[in-house]
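Participant: coordinates for the following, if possible.
(one chain, ligands or ions: 1)
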Amino acid sequence: MSDPDGADTESADVEDPDAPSEAVLDELFDTIESRKAELPEGSYTASLFTHEKGENAVLEKIGEESTETILAAKDDDLDELTYESADLVYHLLVLLAMKDLDLDDLRAELRDRF
Ligand SMILES: N=c1c2ncn([C@@H]3O[C@H](COP(=O)(O)OP(=O)(O)OP(=O)(O)O)[C@@H](O)[C@H]3O)c2ncn1[C@@H]1O[C@H](COP(=O)(O)O)[C@@H](O)[C@H]1O
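Facilitator: Numbering: from 1, shown residues only. Predicted coordinates:
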């Protein structure tokens, strides 16, 4: 396959067809925002927004997932480190949504550090 400039883009296309989309964080955050707005029954995300402990529910999860991430790193268990990091990032995004922040706020903060 060629792009309009004639460059061969096929290698990029076939390099790793199962690679996750770069937009996965945006898609996940959109899903979280949607759960926050609609509060569907059976949604774990919605349960964090309506929890009787309030924001402490997600804050406690962030504490737990942080600890599990650290333990996985100390064990050099890379699969577990990846899994727990994903749990941690998900709960962090829920916290941002809870505080009416979004990925653009996070991106701007990171960008300012370059
Ligand atoms: N990315 C996540 C995600 N990551 C973690 N979790 C939940 O966070 C909880 C983590 O709790 P625990 O650590 O106790 O569970 P665990 O990971 O099984 O156990 P540990 O080994 O970590 O102790 C589990 O209930 C997970 O299901 C998530 N729940 C939802 N999402 C995303 O949110 C979307 C919407 O989910 P619902 O809101 O449930 O519809 C999903 O399609 C996913 O894309």
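Participant: check which helix or strand the residue lying closest to Lys53 once chain neighbours are set aside maps to.
Facilitator: Distance criterion CB to CB, 6 or more residues apart in numbering; nearest residue to Lys53, sequence neighbours excluded, is Glu60 at 7.4 Å. From N, CA and C alone the C-beta is placed, and that goes for glycine too. Using DSSP states H and E, Glu60 sits in helix 56-74.
Participant: give me the buried positions along that helix.
Facilitator: Ala57, Val58, Lys61, Ile62, Glu65, Ser66, Glu68, Thr69, Ala72 (16 or more other CB atoms under 10 Å).
Participant: ok, so of these, who is nearest the ligand?
Facilitator: Nearest to the ligand out of those is Glu68 (CB to the nearest ligand atom; 5.4 Å).
Participant: does the closest one really touch Thr82, like I thought?
Facilitator: No: taking contacts as CB atoms under 8 Å, Glu68 lies outside contact range of Thr82: 11.8 Å.
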